[in-house]
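Asker: give me a 3D structure for the following:
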Amino acid sequence: MSQPWDYIAKIVSLGDSGCGKSSVLRLCEGRFSPHHDVTIGVEFGSRIVPVGPPASQSLSINNPTKAPSETSPSSKQQPSKQQQQQQPQPQKHMKLSLWDTAGQETYKSITRSYFRGASGALLVFDISRKNTFLSATSWLHDLRQIAEEGIIVVLVGNKSDLASSSTISDSEAANKRQVTVEEAQEWCKANGVMQYVETSAKSGDGVERAFLEVAERIYQNIEAGKYDLNDRRSGVKGPGVEGEGGRGESE
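Answerer: Next up, the predicted model:
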């Protein structure tokens with residue numbers, strides 16, 4: 001029986017304590033709990049997701065729209081022989097090895113070691129707590145100091161259910177948002193971070209998208225030949241490679 005995935009990638013989540021990193025991970029695995037327990041050290045999980053077309057096209061992830069080329073009237077009416085013979089592209093899948101690291105300063109010396117060997121990261125903050133957003137710069141610096149060069153990073157603004165819109169409005173008493181979408185997007189541009197996604201670990205909104213954004217960009221790097229699939233330091237493994245890399249180079 002063949003394995004249900006084509007690649008394995010190590011993903012880490014990082015950010016201040018209480019941002020909901022563990023809840024996001026558990027929800028991605030379908031095991032969300034409304035009760036918050038502080039992560040001690042790290043928590044592990046895994047998830048298999050589709051990467052590349054046709055899934056990436058249907059979800060419009062990392063798939064810029066190309067302008068249609070000019071064609072003659074006859075070519076518009078009848079598809080070419082090559083198009084007629086083209087077979088649907090088989091969907092590929094990636095197993096995400098998920099490592100949720102503790103956000104407390106006490107455990108930083110432990111959790112930083114898990115950044116090694118990661119090919120992707122979810123940098124999580126709480127949109128209702130501005131200080132957790134301000135801490136993102138320090139977390140990103142730590143990650144890039146330890147992880148392999150070129151690690152894929154997606155900024156995640158969690159607890160979007162506490163905000164009634166993407167902006168801050170004094171007239172909306174229920175709106176607890178302290179960080180706007182525009183602020184987060186500008187931060188991504190300034191710090192070379194790939195994408196910003198808002199999630200709600202309570203409702204599930206955006207959680208799947210956050211993991212797919214990371215996985216798809218890792219897949220694009222695989223296709224571009226940017227990883228040595230036999231070197232565990234790259235954070236990505238191909239078919240037939242033993243083990244999942246676990247802690248990367250921390251041991």
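Asker: how about the helices in this protein?
Answerer: Per DSSP state H, the chain has helices spanning 21-28, 55-59, 73-77, 81-85, 108-111, 130-134, 136-146, 181-191, 207-223. These are given in chain order.
Asker: okay, those in TSV with distance to residue 200, mean neighbour count and mean pLDDT next?
Answerer: All C-beta spots, glycine's among them, are computed from the backbone N, C-alpha and C. Compiled in TSV, these are given as follows (distance: least, CB to CB, whole Å; neighbours: other CB atoms under 10 Å; pLDDT from 0 to 100):
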stretch	distance to residue 200	mean neighbour count	mean pLDDT
helix 21-28	9	25	72
helix 55-59	19	15	82
helix 73-77	44	8	41
helix 81-85	42	8	49
helix 108-111	24	15	64
helix 130-134	15	17	97
helix 136-146	18	16	94
helix 181-191	14	15	97
helix 207-223	8	22	93
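Asker: ok, which of those comes nearest residue 95?
Answerer: For the helices of the chain, proximity to residue 95 was assessed by CB to CB; helix 207-223 is nearest, at 9.5 Å.
Asker: you'd agree residue 142 is up against residue 115?
Answerer: Yes: here residue 142 reaches residue 115: they are 7.3 Å apart, a contact under CB atoms under 8 Å.
Asker: common neighbours of these two, please.
Answerer: residue 14 (CB atoms under 8 Å, 6 or more residues apart in numbering).
Asker: check the gap between residue 101 and residue 5 for me.
Answerer: The gap separating residue 101 from residue 5 is 23 Å, by CB to CB, to the nearest Å.
Asker: which of those two has more residues huddled nearby?
Answerer: When residue 101 and residue 5 are compared on other CB atoms under 10 Å, the one with more neighbours turns out to be residue 101, at 26 against 18.
Asker: ok, what's across the strand from that one?
Answerer: residue 42 (DSSP bridges).
Asker: for the residue nearest to residue 147 when sequence neighbours are not counted, give me the pLDDT.
Answerer: Distances taken as CB to CB, 6 or more residues apart in numbering put residue 115 closest to residue 147, at 4.6 Å, once the chain neighbours are dropped. In this prediction, residue 115 carries a pLDDT score of 89.
Asker: residue contacts, residue 115?
Answerer: When contacts are counted by CB under 8 Å, 6+ apart, residue 115 touches 12, 14, 101, 121, 142, 143, 146, 147, 248.
Asker: burial count for the closest residue to residue 91 other than its chain neighbours?
Answerer: Excluding the flanking residues, the one nearest residue 91 by CB to CB, 6+ apart is residue 50, at 5.4 Å. Taking other CB under 10 Å as the neighbour definition, residue 50 ends up with a count of 18.
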